[in-house]
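1. pasting the sequence and the predicted model now:
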Amino acid sequence: MTHSTGEGAANQASAGTDEIIGTWALQVSSPFGIQPITFTVERAGGALTGVMRHERGAADVSNIHMRGHEFDAIAAITLKGTRITADIEGRIAGAQIDGTVKVHLPLAPVVKFTGIKQ
């Protein structure tokens, strides 16, 4: 008979969070058309952190939380002196990723993204 240990559960949780680590090529369906974004995630001091890069700038991604194959995070960028944040929700299936981004601006629609791991 085998027993589940806290260490085994921790290893399973780590395996789930590790699948997001790396570089992802995203296609974001915005009101302005498809926008290519590079999303890079790494582990820093035990926490997951990231950056989303677009031709117009980069947004820091923080508070990345994994729940199985699903995740949520917060992106923040400063444009013309104004800090703009967005909620990100997504899911990972192997080397595929998809989800939504909700920018915290009046009238900003929720936009969908898809992508592949590089």
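-> Everything's here; your move.

2. what ranges does the protein have for its helices?
-> Per DSSP state H, the chain carries helices over the ranges 6-18.

3. low pLDDT regions in it?
-> Flagging of the chain using pLDDT under 70 yields the residue ranges 1-16.

4. how about the strands in it?
-> 22-30, 33-44, 47-54, 57-67, 70-79, 82-93, 96-103, 110-117 (DSSP state E).

5. any chance of those strands in CSV, plus mean neighbour count?
-> For every residue, glycine as well, the C-beta is placed using N, CA and C. What follows is the strands of the chain, written out as CSV (neighbours: other CB atoms under 10 Å):
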stretch, mean neighbour count
strand 22-30, 17
strand 33-44, 15
strand 47-54, 17
strand 57-67, 16
strand 70-79, 17
strand 82-93, 15
strand 96-103, 17
strand 110-117, 16
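
6. ok, Thr100 touching Ala73?
-> No - Thr100 is beyond contact range of Ala73, at 11.6 Å (criterion: CB atoms under 8 Å).

7. any residues in contact with both of those two?
-> Residues touching both Thr100 and Ala73 (CB atoms under 8 Å, 6 or more residues apart in numbering): Ile88.

8. mind listing the residues bridging to Leu79?
-> Beta-bridge pairing for Leu79 (DSSP bridges): Thr82.

9. quickly note the distance from it to Val110.
-> Distance of Leu79 to Val110, given as CB to CB, to the nearest Å: 19 Å.

10. then Glu19?
-> Distance from Glu19 to Val110, counting by CB to CB: 24 Å.

11. do Gly22 as well
-> Separation of Gly22 from Val110 (CB to CB): 25 Å.

12. same question, Ser29
-> In terms of CB to CB, Ser29 sits 10 Å off from Val110.
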